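Visitor: Attaching a predicted model along with its sequence, questions to come.
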Amino acid sequence: MKLQKSIIEALGKECGHSISVAKDCSSLSDDIYKKTGQRISVNTLKRLTGILNEDRKPQDYTLKVLALYLGYDSWDKLTGEYADKYGSQICEGDIQQLNIAALEKGQIVRYSYNPDRVVDLEYLGDFKFEVLDGGTSKLEKGDTLIITQLAVGHELLATTVTREWKVLGHYETAKESGIGAIILLPE
């Protein structure tokens, strides 16, 4: 996942220089450690800033440390403020409400919510999604969900959850704060 330009710019402002080459990520890593006491590797920062073209989902820990470095309690609070400030552009492809009917089979959707939960889904068609990575949520890789609406600021309600061919019932999450961000990822 590459961070949105405005967040990369905020990281550069915080460390005192732009982030455009590998050397910049090294000094950013040092500054993050100095200000938060937490480490983020130079290679992780290269991936997140797009200097290293390798798309991997960042760990929840990494997102939380970046948020702390920029003065926020959590990644969702950071992205929530940036959504207010810059519209819905949190990361490339971020949206406020997912038009599920317009999705193509195979598209990857990432949504996040408090406390620091990130879930990746693959669209299978007919409002059906498969969990690729449930993160720290109650969902497991391979679960399938029927979702008719997914919108920032609203809870997620899956009318049906199936795990290993067994229907588990419905699934509700993000009831208190709602979904923090929705991103369409490249396939």
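Guide: Nice, thanks for sending it over.

Visitor: show me the residues around the nearest residue to K2 once chain neighbours are set aside that make contact.
Guide: In this structure, K2 finds its nearest non-sequential neighbour in G50, 4.5 Å apart by CB to CB, 6 or more residues apart in numbering. Any C-beta I mention is one placed from the backbone N, CA and C, and that applies to glycine too. By CB atoms under 8 Å, 6 or more residues apart in numbering, the contact set of G50 is K2, L3, I8.

Visitor: By neighbours, which of these wins?
Guide: Within the contacts of G50, L3 tops the neighbour count with 22 neighbours, counted by other CB atoms under 10 Å.

Visitor: okay but that residue is in contact with K46, surely?
Guide: No. Between L3 and K46 there is no contact, the gap being 11.5 Å when judged by CB atoms under 8 Å.

Visitor: how much space between the nearest residue to P115 once chain neighbours are set aside and T160?
Guide: The shortest distance from P115 to any non-neighbouring residue, by CB to CB, 6+ apart, is to S74 (6.6 Å). S74 sits 30 Å away from T160, going by CB to CB, to the nearest Å.

Visitor: So for those two, which sits in the more crowded spot?
Guide: Set S74 next to T160 and count neighbours by other CB under 10 Å: S74 wins out with 18 against 15.

Visitor: rewinding a little: quick one: residues contacting the residue nearest to P115.
Guide: K64, A67, N114, P115, D116.

Visitor: Quick check: next helix or strand after the lengthiest helix in the chain?
Guide: The residue-count maximum for a helix in the chain (DSSP state H) belongs to helix 22-36. Note on helix 22-36: by DSSP states H and E, the next helix or strand toward the C-terminus is helix 42-49.

Visitor: Number of residues surrounding S137?
Guide: Using other CB under 10 Å, S137 has 19 other residues around it.
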